[in-house]
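A.B. asks: The sequence and its predicted three-dimensional model are supplied below.
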Amino acid sequence: MEYKAGHLLEKIDFPKDLRANIKETELPELCDELRDFIIDVVSTKGGHFGASLGVVELTVALHYVFNTPYDQLVWDVGHQAYGHKILTGRRKIFHTNRKYKGISGFPKRSESEYDTFGVGHSSTSISGALGMAVASKIKGELDRQHIAIIGDGAMTAGLAFEGLNHAGVENSNMIVILNDNCMSIDPNVGALKDYLTDITTSPTYNKVKDEVWNLLGKISKFGPNAQAIVQKVENAIKSSLLKQSNLFESLHFRYFGPVDGHDVNHLVSVLRDLKDIPGPKILHCVTVKGKGYQPAEVGSPTQWHAPGLFNKDTGEIIKVVPINPQPPKYQDVFGHSIVELAEKNEKIVGITPAMPTGSSLKIMMEAMPDRSFDVGIAEQHAVTFSAGLATQGLVPFCNIYSSFMQRAYDQVVHDVALQNLNVVFCLDRAGFAGADGPTHHGSFDLAYFRCIPNLTICAPMNEEELRNMMYTSQLENAGPFVIRYPRGEGVMIEWKTPFRKIKVGTGRKVRNGNDIAILSIGHQGNYALSAAEELSKKGIDMAVYDMRFVKPLDEIMLHEVFAKFDKVITLEDGCLMGGMGSAILEFMVDHGYSSQVKRLGMADCFFEHGSQEELYAEAGFSIEHIKATAKEMLKEKSSGKFMVG
């Protein structure tokens, strides 16, 4: 399918074309064309949607005013960067966005010089832009501008405030643009949201602020002394109008706004003024997520964050309705099961850092709002908050995506494991996360958690196992407990089974065999089982063991395996270095076994985006790769008994 650009957008391959070929009076029309192009592509190819529509005018204004890529834009998260990608040389290949071997859904330094900082996790833009600004100062590039564009949801993370705190004293030449639309993926929470709402809804403040800004802007052109006077007067007036307006100025940032983030001509005028003001500045832009596409504006912002395919004319989201019943997603099994458990155990509480819908904790938040908490984009706080709850006898289920948990590693070590507290970490999106790519793949959790004392670490092969692991984790004296599970559907249609305690550190044999053994962890065990069934048709008899626990290992079962098999495969949807396969090799060496072991999992590299099946194949642990590995290991025995081929 060919995606046609409007007559203005067609003139732009790079921002220099925007600055050279588009008149300022044409900018509103260009914004309409850019918005239409995003709608055309995303409606048929999928991807993030509402966030990029909300910053179309801001994107155009930034590239129109600033000399990009010399002036450096740092986009936070990247959900809002589709317009940026289209204007910076990727319009003709934008239809490959988030597709296997296509362009990334996030800014990526190796993809374009206009992507100045790779992003995927939120709240990094201010620190990254400050580093660039300081580097420019050191190199003598005093005319270079550095602009961080951060959403109000991303401002809830501690890292954003750490960056603001440092930037205020560095006095570097940088602008922070606060894109305020009251949304992360789900609605924003916390006191910062209330503070920003106070600013944007104070009519007295906004009326006087505009008048004062216009007046002082004229005075400030009379030199540095006048600028100092202007800033003092401006701060005094802001403080008298709204006491809270000192939040950013107390960190030595000059605050401007709020401004209408959808008035592109006004944004151009404001940004030109800000270029001439030295030091750190914040521009507060009020935007609407999904702006310009009526179904997204009036519908659920959460749903339109990444709606999948949809009919752009009617706004109907296209959902494929299967003929037969399908297994549920693991996240939904978690969401329903925690409510069941909490009904039986009044000590259970739920915590998520800004992902109630994605993690399905929203089910508990609706059923038990007083026992479930969205703490904002703040994984470190989520973990230590959970630890505090646990010290008082509660059992927190802290649900965090596997890759996001990396941001709270110290808190797990220091605040949970060291104190041996019964916090249950439910790691969603463990393993390959699909089209979100390397910033979101849950590659490392088995390795980075396995070395921490006191932790129990497990992964379910199916929905029943997930329920039983959750049940086991909240029993008395369970201690710190980690349960990892992948993105997507399980394998059981009838999944709502009675809860049953699992003995910690026990695996299970799920298929007998005599020729070779495969030891798997988590959902990939279903791939091992399928491979074994197909191999049996070729005369290869493979035993399948579901380890269930990486820590502690089932040593009794491992002794059984290595006493019987001289050919063993390990299988995991995680990094090989330090993962389950490494744990089994350590066991084998420690106990003097000498079997041949082949580990299947993620090699020591970062994998790009694609469907999970495409990435399993690339990493070498699809069903076909499992079969090929077993055949290769048994090759020397192929004469006679085995029909390898």
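C.D. replies: Cool, the structure landed. Residues are numbered from 1 along each chain as shown.
A.B. asks: okay, how far is it across stretch 343-355, tip to tip?
C.D. replies: From its first residue to its last, stretch 343-355 covers 22 Å (C-alpha to C-alpha, to the nearest Å).
A.B. asks: Count the residues that sit near P322.
C.D. replies: 7 (other C-beta atoms under 10 Å). Heads up, the C-betas are built off the backbone N, CA and C, glycines and all.
A.B. asks: how close does it sit to G335?
C.D. replies: P322 sits 21 Å away from G335, going by C-beta to C-beta, to the nearest Å.
A.B. asks: just N399 next, same as before
C.D. replies: Taking C-beta to C-beta, one finds N399 at 9 Å from G335.
A.B. asks: Need the overlap of contacts for those two.
C.D. replies: By C-beta atoms under 8 Å, 6 or more residues apart in numbering, N399 and G335 have these common neighbours: 359, 361.
A.B. asks: more neighbours, these two?
C.D. replies: Neighbours per residue (other C-beta under 10 Å) separate N399 from G335, with N399 holding more: 28 against 24.
A.B. asks: Three-state assignment for the more buried one, please.
C.D. replies: Three-state call for N399 (DSSP: H, G, I helix; E, B strand; the rest coil): strand.
A.B. asks: now the strands for the stretch 201-350 of the chain?
C.D. replies: Under the criterion DSSP state E, counting those that start in this stretch, strands of the stretch 201-350 of the chain are mapped to 254-260, 281-286, 348-352.
A.B. asks: ok, and which of those strands has the densest surroundings?
C.D. replies: strand 348-352 (a mean of 25; mean count of other C-beta atoms under 10 Å).
A.B. asks: That strand - contacts with which helices or strands?
C.D. replies: helix 330-344, strand 372-374, helix 379-391, strand 395-401 (3 or more C-beta pairs under 8 Å, 6 or more residues apart in numbering; DSSP states H and E).
A.B. asks: In JSON lines, list those along with distance to M132.
C.D. replies: Converted to JSON lines, the helices and strands packed on strand 348-352 look like this (distance: least, C-beta to C-beta, whole Å):
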{"stretch": "helix 330-344", "distance to M132": "37"}
{"stretch": "strand 372-374", "distance to M132": "32"}
{"stretch": "helix 379-391", "distance to M132": "24"}
{"stretch": "strand 395-401", "distance to M132": "28"}
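A.B. asks: Mind checking the ones you listed for the one nearest to D76?
C.D. replies: Ranking those by distance to D76, with C-beta to C-beta as the measure, places helix 379-391 first at 15.6 Å.
A.B. asks: Indicate which one of the strands of the stretch 201-350 of the chain is closest to N165.
C.D. replies: strand 281-286 (13.3 Å).
A.B. asks: partner strands of the closest one, parallel or antiparallel?
C.D. replies: strand 174-180 (parallel), strand 254-260 (parallel) (DSSP bridges).
A.B. asks: Dump the last one to CSV, keeping only the CA atoms.
C.D. replies: Same thing as strand 254-260. Provided in CSV are the C-alpha atoms of strand 254-260 (Å, rounded to 0.1, in the frame of the first residue of the first chain):
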residue,chain,number,x,y,z
ARG,A,254,12.7,30.1,34.3
TYR,A,255,9.1,28.9,33.8
PHE,A,256,7.1,30.0,30.7
GLY,A,257,3.5,29.0,30.1
PRO,A,258,1.2,27.4,30.0
VAL,A,259,0.8,27.8,26.3
ASP,A,260,-1.6,26.1,23.8
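A.B. asks: tell me the average confidence for it?
C.D. replies: Taken as a whole, strand 254-260 carries a mean pLDDT of 89.
A.B. asks: Please apply the same query to the first one.
C.D. replies: Averaging the model's pLDDT scores along strand 174-180 yields 94.
A.B. asks: how about that strand: buried residues?
C.D. replies: Neighbour-count burial for strand 174-180 flags 174-180 (criterion: 16 or more other C-beta atoms under 10 Å).
A.B. asks: Identify the bridge partners of N399.
C.D. replies: Beta-bridge pairing for N399 (DSSP bridges): C426.
A.B. asks: Please save the CA atoms from stretch 601-609 in PDB.
C.D. replies: Below are the C-alpha coordinates for stretch 601-609, written out as PDB (Å, rounded to 0.1, in the frame of the first residue of the first chain):
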ATOM      1  CA  GLY A 601      18.300 -18.600  24.700                       C
ATOM      2  CA  MET A 602      19.300 -15.100  24.000                       C
ATOM      3  CA  ALA A 603      22.900 -14.600  22.900                       C
ATOM      4  CA  ASP A 604      25.100 -11.800  24.300                       C
ATOM      5  CA  CYS A 605      23.600  -9.100  22.100                       C
ATOM      6  CA  PHE A 606      20.700  -6.700  22.000                       C
ATOM      7  CA  PHE A 607      17.800  -8.000  19.800                       C
ATOM      8  CA  GLU A 608      15.800  -5.600  17.700                       C
ATOM      9  CA  HIS A 609      12.000  -5.400  17.300                       C
END
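A.B. asks: Please identify the buried residues of it?
C.D. replies: Neighbour count says stretch 601-609 has 601-602, 607-609 buried, by 16+ other C-beta under 10 Å.
A.B. asks: Identify the single longest strand in this protein, thanks.
C.D. replies: strand 567-575 (DSSP state E).
A.B. asks: For F161, which of the strands of the stretch 201-350 of the chain is the nearest?
C.D. replies: strand 281-286 (12.7 Å).
A.B. asks: pLDDT averaged over the closest one - what is it?
C.D. replies: 93.
A.B. asks: Report the spatially closest residue to L30, excluding sequence-adjacent ones.
C.D. replies: Take L30 and drop its neighbours on the chain: the residue closest to it by C-beta to C-beta, 6 or more residues apart in numbering is L8, 4.5 Å away.
A.B. asks: Rebuild the strands of the stretch 201-350 of the chain as TSV, extending it with distance to V597.
C.D. replies: Shown next, in TSV, are those (distance: least, C-beta to C-beta, whole Å):
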stretch	distance to V597
strand 254-260	60
strand 281-286	56
strand 348-352	38
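A.B. asks: So which of those is nearest S300?
C.D. replies: If we rank those by C-beta to C-beta, the stretch that ends up nearest is strand 348-352, at 18.1 Å.
A.B. asks: Just want the angle from the closest one to helix 379-391.
C.D. replies: Orientation check (axes from the mean of the first three to the mean of the last three C-alpha atoms, to 10 degrees): strand 348-352 against helix 379-391 gives 170 degrees.
A.B. asks: Run through who's touching strand 348-352.
C.D. replies: 338, 341-342, 359, 361, 364-365, 368, 371-375, 382, 385-386, 389, 394-400, 474.
A.B. asks: Direction included, what does it pair against?
C.D. replies: strand 372-374 (parallel), strand 395-401 (parallel).
A.B. asks: Figure out how far the shortest one is from the centre of its chain.
C.D. replies: Just to be clear, that refers to strand 372-374. 18 Å (C-alpha atoms, centre = their mean, to the nearest Å).
A.B. asks: now swap in stretch 125-138 and tell me
C.D. replies: Centroid displacement of stretch 125-138 relative to its chain, using C-alpha atoms, centre = their mean, is 24 Å.
A.B. asks: Domain-wise, how is this protein divided?
C.D. replies: Residue ranges for the domains of the chain, per automatic domain parsing: 9-194+262-272+281-298, 330-484, 508-637.
A.B. asks: ok now the last one, how far from the chain's centre?
C.D. replies: Yep, that's domain 508-637 we're talking about. That offset, for domain 508-637, works out to 29 Å (C-alpha atoms, centre = their mean).
A.B. asks: for the record, mean pLDDT for it?
C.D. replies: 96.
A.B. asks: average pLDDT for stretch 461-469?
C.D. replies: Per-residue scores along stretch 461-469 average to 98.
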